[in-house]
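> Fold the stuff below for me.
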Amino acid sequence: MGKKLTVLGPGLLGASLGMSVLERGLFESVHVWSRRPETRDKCRTLPWCTAVHDSPEKAIADADLVVICTPVKIIPDLLEKLSEDFAEGSIVTDVGSTKGSICKAAQKNLSDKVSFVGSHPMAGSEKTGLEYASADLFEGQACILTPTDETDPTATAKLEDFWSQLGMKVGKSSPAEHDRIVAAISHLPHILASILCEQLTKSNPEWKSFAGKGLRDTTRVAAGDPNLWRQILEENSTAICEALKNFRGTLESFSNALEQSDFEKIEDSLAKGKTFRDSLG
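Alright, predicted model coming up:
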């Protein structure tokens, strides 16, 4: 798909991306930059890193595709900082799990010589860092592209092809709609898992020795990095508050049915939950 791919931020997603791209032969070389010197040193020892750069400006020089994989709070600043350094005709994207501020920053700062298309590969883990990277991380997972009315359709098509060749199922939405979607299907579940764990810390600490697989499955995502998730919740607070409001209504209805011994309503609610879970495959 080109000669040079640049990954800015080779953590779990960025490193997995580099590994997958070279394994599939999509680009001739993979160049990386990380904010942390120790991460750059580690990347220099890895076979999927063609070159490691000490500055993002050097890393993106002559790149056909730049994928920004840093935490979401950093992406708008990088787009502004590097706005004059992206190669003419290049495509720039990101893997952030919120899109409103990122797409606005791209539209504000990038010139017409560069095509930006927001991406959100719905792949990852509660574990972070390039040591957990895997070349098949994206296989079979969903990816949401967030083109705007100003986005070059050719760039969107190329990026859709790129993620598809990594094994992803690609869909499209506006940045605002994307943020509402992920608030409901990603951010809200994380919040609920984390709050459940917080609530359990108020119980007898000996109780957790009896925990089975169900609790571990239900709360797995709560093991995610709190600082990274704080950034996500800050960036998408409006859509998340809407999702929480809707959830409170559903939870209150369930609680009222239980208090009133309306077990037909309880069973109906459980059945609807099972039907949705079964549909996820």
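
> quick one: contacts for the residue nearest in space to the middle of the chain?
In the chain, the centroid-proximal residue (CA atoms, centre = their mean) is residue 97; its distance is 3.9 Å. Going by CB atoms under 8 Å, 6 or more residues apart in numbering, residue 97 touches 72, 120, 182, 186, 187, 232, 236. For the C-beta atoms, the positions are set from N, CA and C on the backbone; glycine is no exception.

> part of a helix, is the third one?
The reference is to residue 182. Yes. With DSSP: H, G, I helix; E, B strand; the rest coil as the criterion, residue 182 is part of a helix.

> how near is the closest residue to it other than its chain neighbours to residue 146?
Sequence neighbours aside, residue 97 is the residue nearest to residue 182 in space, at 5.9 Å (criterion: CB to CB, 6 or more residues apart in numbering). Using CB to CB, to the nearest Å, we find residue 97 at a distance of 11 Å from residue 146.

> Overlap in contacts, these two.
With CB under 8 Å, 6+ apart, residue 97 and residue 146 have common neighbours residue 120.

> now what about the longest helix seen in the chain, what contacts it?
Across the chain, the longest stretch assigned as helix under DSSP state H is helix 237-259. Contact with helix 237-259 is made by 179-180, 182-184, 187-188, 191-192, 233, 262-263, 265-266, 269, as judged by CB under 8 Å, 6+ apart.

> tell me the domain ranges of this protein?
Domains of the chain are assigned by automatic domain parsing as 2-173, 178-279.

> Low-confidence ranges, the stretch 151-281 of the chain, go.
Along the stretch 151-281 of the chain, segments meeting pLDDT under 70 are nowhere present.

> ok, which stretches of it are strands?
Counting by DSSP state E, counting those that start in this stretch, the segments of the stretch 151-281 of the chain that form strands are 169-172.

> Helices of that one, residue ranges please.
Assigned by DSSP state H, counting those that start in this stretch, the stretch 151-281 of the chain shows helices spanning 153-165, 175-182, 188-200, 213-219, 226-235, 237-259, 263-279.

> I'd like to know which of those lies nearest to residue 60.
Closest approach to residue 60 among the helices of the stretch 151-281 of the chain (CB to CB): helix 153-165, 16.0 Å.

> how many neighbours does residue 270 have?
Using other CB atoms under 10 Å, residue 270 has 12 neighbouring residues.

> now swap in residue 222 and tell me
Using other CB under 10 Å, residue 222 is surrounded by 19 other residues.

> Next up, the contacts around it.
Residues near residue 222 by CB under 8 Å, 6+ apart: 126, 190, 193, 194, 196, 197.
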